[in-house]
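**Student:** What would the 3D arrangement of this be:
(one chain, ligands or ions: 1)
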Amino acid sequence: MKKTIPTIALIVLFSWSVFVPTVVPAFATGQFLQMPIRVHHGPIICAIEPHADPNFPTVGKQLLDETEYAVIDWKAKLNQGLGRHPVWNITLVKVPISQQNSFNYTECDITIKYFPQPQKNSNGFIATGVTIPNFETGKTNIEIYYLDVEPNWIKKEWTVGGQMYYTYVDEPQYTGLVATSTQLDSTIRHEIGHSFGLGHYIVPYDRLRNIINGLEDMPSIMIDAVTILGVKHYDITPLDVAQVKSTYGDGGFDNPIQKKDYHHMVHQISMSKQYYQPGEEVTLDVNTGMFDDKSFAEILVIDSNNTMIENIGISKLNSTIPLGNAYQKNEKYLAEMINPITGDWDFASFTVGVPISQITNMNQNIPVLQTQIPSWVKNNAKLWSQNLIPDEEFVKGLEFLSVQGMIKIPHSIDENNLGRIPVWIKTAAKLWSTGEISDDEFVRGLQYLTDNGIIPAQK
Ligand SMILES: [Zn+2]
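**Tutor:** Below is the predicted model:
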């Protein structure tokens, strides 16, 4: 006989922010998780108008407007009751497309960018927004995704001992339409809350179910649920305001006193290596010694534009983590850890491709040559870096340098094996051809590469 036993639907599989707990912690409900971000003065929030979207020609202006309302809302609620002496200063700067080339981005403490959906959607990451701290610079990026996310309840059945069980799981999806203003407005307020240092507000499952079904108002804008089906009423609530004030004190963001310690930086992650070749597997070592069975943490990998490349939930069981993507781009990445229970955070960087800083500092025992490199070699390098000439032409230049004794290549370069020239040599060639690194640095860099067998030598 078939017997169906309804189980509690697992609701929150995807978050609308950085936290995607893969191990749901037994965590006291009715409180905020930690988010180790602090602003150090009244923040300047820069809202960067998205590229024109032919499908939704007015969405860019709409997003800037919704962001303005969200900032006004945060400011008004924080300053409520302070009359003519508001202390919670937040400055919004809208950056329209026409000003984006000349805009001075260094003044932004928090930058909001808007995309239809996550840029790196390698593992079906569905979100309405993410908050991405950069622990190295102390600045925060927010990405708002403006495509509508709808819940997608899927019945999962399984059989144990002849009995059939089922549950419904939500695997939300993008509809292809622009999001409702409820989704956009609540997401923008939520992500700004993260950028002020609020973690998620945890409620028990049954309450969360009521909230999602529209039976109960959200007690906090920091509820973690992408599926806001049925949520008609959302707000920055007194709980949210109280949490910001307990973090910064009553004196506002500019008040230097009473900032609760957030120096929870603990050395818990490290890279096995500092430098990787493009496409090489990158592994991250996590010291999970301080984790217990219920701990979890989030790893974010971001590129130099603070774009999130991947996010991974980790538990006590993970100690070495292979990062999922093949890192091909020549640049520096940060791997960041956030533990939302303890507030611990840490970061480690790794570089894919040629370590430019290493080129300029390395190998002091190589005499500084008054290198005279013929202009055709440099010109070849430039053309090669722009993919305008084949590898062979660039290699001719290297061989010339070798013959001249400017660079010691152990054997002649295997021209049959040119496919193996790492892509990142092009970065160095480009920097050199445009004068950003000197002849000597370039030669020493190439020397480094050949010494380390990176430029393939013949047989
Ligand atoms: Zn969130």
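**Student:** Tell me, how many residues neighbour residue 154?
**Tutor:** Neighbour count for residue 154, taken as other C-beta atoms under 10 Å: 10. Placement of C-beta: from N, CA and C, glycine included.
**Student:** Touching, it and residue 167? I think so.
**Tutor:** No. With contact defined as C-beta atoms under 8 Å, residue 154 does not count as touching residue 167 (9.5 Å).
**Student:** for the helix or strand where residue 94 lies, which positions count as buried?
**Tutor:** Per DSSP states H and E: residue 94 is located in strand 91-95. Residues of strand 91-95 classed as buried: 92, 94-95 (neighbour count, 16 or more other C-beta atoms under 10 Å).
**Student:** same deal with stretch 109-125?
**Tutor:** Of all the residues in stretch 109-125, those buried under the rule 16+ other C-beta under 10 Å are 109-118, 125.
**Student:** For these, give me a markdown table that also has secondary structure, distance to residue 332 and pLDDT.
**Tutor:** Below are the buried residues of stretch 109-125 laid out as a markdown table (DSSP: H, G, I helix; E, B strand; the rest coil; distance: C-beta to C-beta, whole Å; pLDDT from 0 to 100):
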| residue | secondary structure | distance to residue 332 | pLDDT |
| --- | --- | --- | --- |
| 109 | coil | 21 | 96 |
| 110 | strand | 22 | 98 |
| 111 | strand | 18 | 97 |
| 112 | strand | 23 | 98 |
| 113 | strand | 20 | 96 |
| 114 | strand | 25 | 96 |
| 115 | strand | 22 | 93 |
| 116 | coil | 27 | 92 |
| 117 | coil | 26 | 89 |
| 118 | coil | 21 | 85 |
| 125 | coil | 22 | 75 |
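**Student:** Which of these lies at the shortest distance from residue 306?
**Tutor:** Nearest to residue 306 among the buried residues of stretch 109-125, counting by C-beta to C-beta, is residue 111 at 7.6 Å.
**Student:** Touching, that closest one and residue 137? I think so.
**Tutor:** No. The criterion here is C-beta under 8 Å, and residue 111 misses it with residue 137 at 10.9 Å.
**Student:** roughly how far out does the lengthiest helix in the chain sit from the chain middle?
**Tutor:** Secondary structure of the chain read by DSSP state H shows that its longest helix is helix 59-78. Its chain's C-alpha centre and that of helix 59-78 lie 23 Å apart, by C-alpha atoms, centre = their mean, to the nearest Å.
**Student:** got it, and stretch 102-109?
**Tutor:** Remark: stretch 102-109 is offset 19 Å from the chain centroid, using C-alpha atoms, centre = their mean.
**Student:** Likewise for stretch 301-313?
**Tutor:** On C-alpha atoms, centre = their mean, the centre of stretch 301-313 falls 3 Å from that of its chain.
**Student:** What of stretch 297-305?
**Tutor:** Mean-position distance between stretch 297-305 and its chain equals 4 Å (C-alpha atoms, centre = their mean).
**Student:** Could you list the buried residues of it?
**Tutor:** For stretch 297-305, burial by neighbour count (16+ other C-beta under 10 Å) applies to 297-303.
**Student:** Quick one: mean pLDDT for it?
**Tutor:** What stretch 297-305 shows for mean pLDDT is 87.
**Student:** Identify each buried residue in the longest helix of the chain, please.
**Tutor:** 59-60, 62-64, 66-67, 70-71, 73-75, 77-78.
**Student:** Ok, stretch 377-396 next?
**Tutor:** 377-378, 380-385, 389, 391, 394-396.
**Student:** ok, what's across the strand from the residue most central in space within the chain?
**Tutor:** Geometric centre of the chain, nearest residue: residue 308, 2.5 Å, by C-alpha atoms, centre = their mean. In this entry, residue 308 is beta-bridged to residue 302, by DSSP bridges.
**Student:** Surely it and residue 120 touch.
**Tutor:** Yes. Residue 308 lies in contact with residue 120 (C-beta under 8 Å); the separation is 6.8 Å.
**Student:** who touches both of those two?
**Tutor:** Common contacts of residue 308 and residue 120 (C-beta atoms under 8 Å, 6 or more residues apart in numbering): none found.
**Student:** Walk me through the domains of this protein.
**Tutor:** Using automatic domain parsing, the domain parsing of the chain gives 4-248, 269-352, 368-451.
**Student:** Lowest mean pLDDT across the ones you listed, which one is that?
**Tutor:** domain 368-451 (a mean of 65).
**Student:** Give me the phi and psi angles of residue 303.
**Tutor:** Main-chain torsions, residue 303, degrees, to the nearest 10: phi -90, psi -170.
**Student:** What residues does it make contact with?
**Tutor:** 309, 329, 331-333.
**Student:** switch the cut-off to 10 Å
**Tutor:** In this structure, residue 303 makes contact with 120, 309, 327, 329, 331-334, 352, judged by C-beta atoms under 10 Å, 6 or more residues apart in numbering.
**Student:** Same list (those) but as TSV, adding secondary structure.
**Tutor:** Below are those laid out as TSV (DSSP: H, G, I helix; E, B strand; the rest coil):
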residue	secondary structure
120	coil
309	strand
327	coil
329	coil
331	strand
332	strand
333	strand
334	strand
352	strand
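**Student:** Any chance of a ChimeraX selection covering the buried ones in the residues you listed?
**Tutor:** Buried residues within the contacts of residue 303, by 16+ other C-beta under 10 Å, are selected in ChimeraX with:
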select :309,327,329,332,333,334,352
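**Student:** Go through the contacts of residue 303 and say which is closest to residue 270.
**Tutor:** For the contacts of residue 303, the nearest to residue 270 is residue 334 (12.7 Å; C-beta to C-beta).
**Student:** Would you confirm that the closest one contacts residue 307?
**Tutor:** No. In this structure, residue 334 is not within contact of residue 307 by C-beta atoms under 10 Å, at 11.0 Å.
**Student:** residue boundaries of the helices in the chain?
**Tutor:** With helices called from DSSP H, the chain shows them at 59-78, 181-195, 205-212, 238-248, 356-361, 375-385, 391-403, 425-433, 439-451.
**Student:** and of those, who's closest to residue 34?
**Tutor:** That would be, of the helices of the chain and by C-beta to C-beta, helix 238-248, which comes in at 10.1 Å.
**Student:** Which elements pack onto that closest one?
**Tutor:** Packing partners of helix 238-248 (3 or more C-beta pairs under 10 Å, 6 or more residues apart in numbering; DSSP states H and E): strand 31-34, helix 59-78, helix 181-195, strand 198-202.
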